[in-house]
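Here you go, sequence then predicted model.
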Amino acid sequence: MNMEFERKLTIPAEVKEQFPVTAKVAEIVEKKRAELKAIFEGRDNRKVLFIGPCSADNETAVLDYMNRLIPVQDKVKDKIMLVPRIYTNKPRTTGEGYKGLLHNPDPTGKPDMYKGILATRELHMKAVEQTGLIFADEMLYPENHKYLDDILGYVAVGARSVEDQQHRLTASGIEVPVGMKNPTSGDISVMMNAIMAAQHKHTFIYRGWEVHSQGNPWAHAILRGSTNKHGNNLPNYHYEDLSRLCDCYEARPDLTNPAVIIDTNHSNSNKKPLEQPRIVFDVLNSCKQSDRISKLVKGFMIESYIEDGAQKPGEGCYGKSITDPCLGWEKSEKLIYDIADKL
């Protein structure tokens, strides 16, 4: 093969032994996972906000941001559940650019996957312990989920991964809600097929084992907009899009817990983060116009950090994204309170 095999990486069991789940963390994870599942099952009418940086590039800034959410969550706890984003690996369209904490624990240094695996688990552990919240991450590499499977609260499968068989089958064996994004083409049937696959049992190969998954009843849709053949971004959060998704779910009655999360950035906002509040309120208005849309929409995915916008790696602005531009803290805090007022 045309590649250099540098070293054999540590297995998940060894990493978990090095960074074991404490009794406190285990209790938080169990309690919060149950709350989140209740929302997706329709037993809890609160909305979920998967809010946080596009990428978790700096432990200090990420934990600073997460700790700022603690008093906010307490004030809106009756209407909103916060499940912040700690995205530690990032898909790159061309393969170029910062690939996340897993690849580059030091964004300006060379890749170090071993240190990245350790840094990823340590960051997630610290975040749960410090805040009492559970967190979301993207499953870019299905085989790496085992490093975090005992502490994650939510998993997202991205637009470029949603057609991949291994992602779908692995999702069927995950014990927390998994969101399937629509592909960049916007073909909703691809997303629906992914949800179908994830909700059913499978036998497949995982980390060198023949495994048997039990199906994930909380697998659901994420609408993130699309890109047409001319490279133009097309939103899919409007009333008509949500109504059409309701129809798609009704056409597949064997799917359990129908649900959608609206990704307010990416192609829905044309990667203009300041548009995110407007998109949220547009969707909430659609919920008021239709009971079935209101039941289907479980929450929002919002890219938010300490500072507005984005920067290049190494530019040194504390709490500013080095991948997609984000909504800054003051605007994000206001948005959370405004959403709570609308619910």
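Noted; the coordinates are in hand.

so where do the strands sit in the stretch 201-343 of the chain?
In the stretch 201-343 of the chain, strands defined by DSSP state E, counting those that start in this stretch lie at 202-206, 209-213, 220-223, 226-227, 233-234, 260-263, 297-303, listed in chain order.

contacts for the second one?
If you take CB atoms under 8 Å, 6 or more residues apart in numbering as the criterion, strand 209-213 is touched by 169-170, 172-173, 201-205. From N, CA and C alone the C-beta is placed, and that goes for glycine too.

ok, and the most crowded of those residues?
Counting neighbours by other CB atoms under 10 Å, the top entry in the contacts of strand 209-213 is Thr170, with 27 neighbours.

gap between the closest residue to that one other than its chain neighbours and Ser226?
Of all residues not flanking Thr170 in the chain, Pro142 sits nearest, at 3.8 Å (CB to CB, 6 or more residues apart in numbering). Applying CB to CB, to the nearest Å, the value for Pro142 to Ser226 is 24 Å.

any chance of the contacts of strand 209-213 in a markdown table, with pLDDT too?
A markdown table is the format used below for the contacts of strand 209-213 (pLDDT from 0 to 100):
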| residue | pLDDT |
| --- | --- |
| Leu169 | 98 |
| Thr170 | 98 |
| Ser172 | 98 |
| Gly173 | 98 |
| Lys201 | 98 |
| His202 | 98 |
| Thr203 | 98 |
| Phe204 | 98 |
| Ile205 | 98 |
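
The residue nearest to Thr170: neighbour count?
Other residues near Pro142 come to 22 when the count uses other CB under 10 Å.

just Gly116 next, same as before
By other CB under 10 Å, the burial measure for Gly116, its neighbour count, is 22.

which SSE is it in?
Using DSSP states H and E, Gly116 sits within helix 113-131.

So which elements touch that helix?
Counting contacts by 3 or more CB pairs under 8 Å, 6 or more residues apart in numbering; DSSP states H and E, the secondary-structure elements packed against helix 113-131 are helix 12-18, helix 23-40, helix 59-76.

could you dump these to TSV with mean neighbour count and distance to Gln130?
TSV is the format used below for the helices and strands packed on helix 113-131 (neighbours: other CB atoms under 10 Å; distance: least, CB to CB, whole Å):
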stretch	mean neighbour count	distance to Gln130
helix 12-18	14	19
helix 23-40	16	10
helix 59-76	16	6
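
of these, which approaches Ala119 most closely?
Relative to Ala119, the nearest member of these by CB to CB is helix 59-76, separated by 7.2 Å.

List of residues touching the closest one?
Residues from elsewhere that reach helix 59-76, judged by CB under 8 Å, 6+ apart: 51-53, 56, 80-82, 84, 86, 119, 122-123, 126-127, 130-133, 135, 304-306, 318-319, 329, 333, 336-337, 339-340.

Now the buried members of these.
For the contacts of helix 59-76, a burial check counting by 16 or more other CB atoms under 10 Å picks out 51-53, 56, 80-82, 84, 86, 119, 122-123, 126-127, 131-133, 135, 304-306, 319, 329, 333, 336, 339-340.

Out of these, list just those in helices.
The subset of the buried ones among the contacts of helix 59-76 located in helices under the criterion DSSP state H comprises 119, 122-123, 126-127, 131, 329, 333, 336, 339-340.

Could you give the number of residues near Lys229?
Lys229: 6 neighbours (other CB under 10 Å).

just to revisit the earlier point, how about the strands of the stretch 201-343 of the chain in TSV, adding distance to Glu163?
Rendered in TSV, the data for these read as follows (distance: least, CB to CB, whole Å):
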stretch	distance to Glu163
strand 202-206	16
strand 209-213	18
strand 220-223	14
strand 226-227	14
strand 233-234	19
strand 260-263	17
strand 297-303	20
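
Met191: which of those is closest?
Within the strands of the stretch 201-343 of the chain, the stretch nearest Met191 is strand 220-223; the backing value is 5.6 Å (CB to CB).

Direction included, what does that closest one pair against?
Sheet pairing here is set by DSSP bridges, and for strand 220-223 it gives strand 178-181 (parallel), strand 260-263 (parallel).

Name the residues that touch the helix holding Gly116?
Under the criterion CB under 8 Å, 6+ apart, external residues in contact with helix 113-131 comprise 7, 9-10, 15-16, 18-19, 21-22, 24-25, 28-29, 56, 59, 62-63, 66-67, 69-70, 84, 86, 88-89, 100-105, 133-135, 137, 144, 147-148, 151-152.

Mean confidence (pLDDT) on stretch 152-163, please.
Here stretch 152-163 scores 97 as its mean pLDDT.

Ok, stretch 323-330 next?
Stretch 323-330 shows a mean pLDDT of 96.

Same check on stretch 34-50?
On average, the pLDDT along stretch 34-50 is 98.

Compute the first-to-last residue distance for that stretch.
In terms of CA to CA, to the nearest Å, the two terminal residues of stretch 34-50 are separated by 16 Å.

Next, the residues that contact that stretch from outside, please.
Around stretch 34-50, the neighbours that count as contacts under CB under 8 Å, 6+ apart are 78-85, 134, 136, 153-154, 156, 176-177, 218, 220, 257, 259, 261, 295, 297-302, 336, 339, 343.
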